[in-house]
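Asks: Could you look at this predicted model? Sequence included:
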Amino acid sequence: MLAMHIPDGFIDAPVSLVAGLLAVAGIAVCLRMTARSLDERQVPVVGLVAAFVFAAQMLNFPVANGTSGHLLGAVLAAVLVGPAAGALAVTVVLTVQALLFADGGLSALGLNVVNMALLGAFGGYVVFVGLRAVLAGARSGGVALAAGLAAATAPVLAALAFTAEFALGGNDAVSVRSVAAAMVGVHALIGVGEGIITMLAVGSVLAMRPDLVHGARGLVPRPAPAAPLAARVS
Amino acid sequence: MAGQRRLSLVAFVAVGLLAAVALVVFVAPRASADPDGLEKVAADQGIDAGVRPHSLGASPFADYGTEGVGHDALGTALAGLVGVAATFVVGSGLVLLVRRRRGPPPPAPVAPTPPA
């Protein structure tokens, strides 16, 4: 079984609808932020991030007996292209998965976007920025490590969000407390894989094109040809 | 890193896409077949009691396979290639569209047109 997102029927219609509205509002904000501030060289990079996250989500790795995990990718995306464009990239992945691959229910798309794209990109990016301040100082060396550590928290954030949604709109017969414990436990393990993959991927991009890493801005020298563009943006 | 030869943007994106393609073609067919975190917890805790089949479950690429391809690994690889292409095109296209809609970039500062 490859990536699996929330299907139809786990969470009731009202909670799914509210999540859908939140997702639409969040995506609208991300579109505005992206239109205003995305560096034009990042346009194909957003597509690349979406394609890479899609590919990585197909690679389930074993985390415990009989359980696997896969990359969520939102922190990776946010560190590479910024939280707004990163959330959009992951939303594209989740939408393509729901429409083409029958992965993630159509009624649950809002839940999946909120948990994995929006919360992962923005929540994870806040953690990343805090860690970067501690680890990177004025150098880019700590950026990949900060990205990996921040990414490790993203599956746990998504698991907590799912638990909250389950408490509000899930099967009443099931104990929320035991769902919370099980979800957080397994997703903490998945976070280890998430962190390692994210650190390696961010490190690879830093080695090839450090100027394209949004989360390393100000820490790596901008190449000369980009100078006029940078001046125009600021 | 001064003087270090940088990859062009096109080359960088091509390298990244090749990596994604290699992952779905060579690694995805060998991915763990165990249920993922959510699926396992849902089954263990009984969350999945009310689950409904996917409305698009008859899609030719449902569950990351390819309809009509008997060879599982090949079907997974083909589905992966379709997904990589679709996410790249939709992701780049979406961002390109929202950037275009904000209007043309400000006129270049060079060659100011003198008043006629």
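Replies: Great, that's in hand.
Asks: Distance-wise, check the spatially most central residue of chain A relative to A:Leu59.
Replies: The residue lying closest to the centre of chain A (CA atoms, centre = their mean) is A:Ala74, at 1.2 Å. Plainly put, A:Ala74 is 16 Å away from A:Leu59 if you go by CB to CB, to the nearest Å. Backbone N, C-alpha and C define where each C-beta goes, glycine included.
Asks: quick one on the thing from earlier: if I look at the residue nearest to the centre of chain A, what pLDDT would I see?
Replies: As predicted, A:Ala74 sits at a pLDDT of 98.
Asks: swap in A:Gly105?
Replies: 96.
Asks: what's the closest non-adjacent residue to it?
Replies: Of all residues not flanking A:Gly105 in the chain, A:Asp8 sits nearest, at 3.2 Å (CB to CB, 6 or more residues apart in numbering or on different chains).
Asks: and the gap between that neighbour and A:Asp103?
Replies: Applying CB to CB, the value for A:Asp8 to A:Asp103 is 12 Å.
Asks: for A:Ser68, phi and psi?
Replies: Phi and psi for A:Ser68, reported as degrees, to the nearest 10, are phi -120, psi 170.
Asks: which residues does it contact?
Replies: A:1, A:60-62, B:31-37 (CB atoms under 8 Å, 6 or more residues apart in numbering or on different chains).
Asks: could you flag which of the residues you listed are buried?
Replies: A:1, A:60-61, B:31-32, B:34-37 (16 or more other CB atoms under 10 Å in any protein chain shown).
Asks: re earlier: so what's in contact with A:Asp8 and A:Asp103 at the same time?
Replies: B:His54.
Asks: Can you tell me the number of residues neighbouring B:Arg52?
Replies: By the criterion of other CB atoms under 10 Å in any protein chain shown, B:Arg52 has 12 neighbours.
Asks: Which of the helices or strands spans it?
Replies: Counting by DSSP states H and E, there is no helix or strand that carries B:Arg52.
Asks: Quick one: check the one helix or strand B:Thr87 maps to for contact with chain A.
Replies: Here B:Thr87, judged by DSSP H and E, is contained in helix B:72-101. Yes: counting by CB under 8 Å from any CB of the partner chain, chain A has neighbours in helix B:72-101: B:76, B:79-80, B:82-96, B:98-99, B:101.
Asks: Can you turn the buried part of these into a ChimeraX selection?
Replies: ChimeraX command restricting these to the buried ones, with burial defined by 16+ other CB under 10 Å:
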select /B:76,79,80,82,83,84,85,86,87,88,90,91,92,94,95,98,99
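Asks: so what's A:Leu38 closest to, chain neighbours aside?
Replies: A:Leu38 sits nearest to A:Ala85 (CB to CB, 6+ apart), 5.4 Å away.
Asks: could you pull out the strands for chain A?
Replies: Using DSSP state E, the strands of chain A run over residues A:61-64, A:67-69.
Asks: Export these as TSV, with columns for mean pLDDT and distance to A:Ser16.
Replies: Shown next, in TSV, are the strands of chain A (pLDDT from 0 to 100; distance: least, CB to CB, whole Å):
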stretch	mean pLDDT	distance to A:Ser16
strand A:61-64	93	27
strand A:67-69	96	24
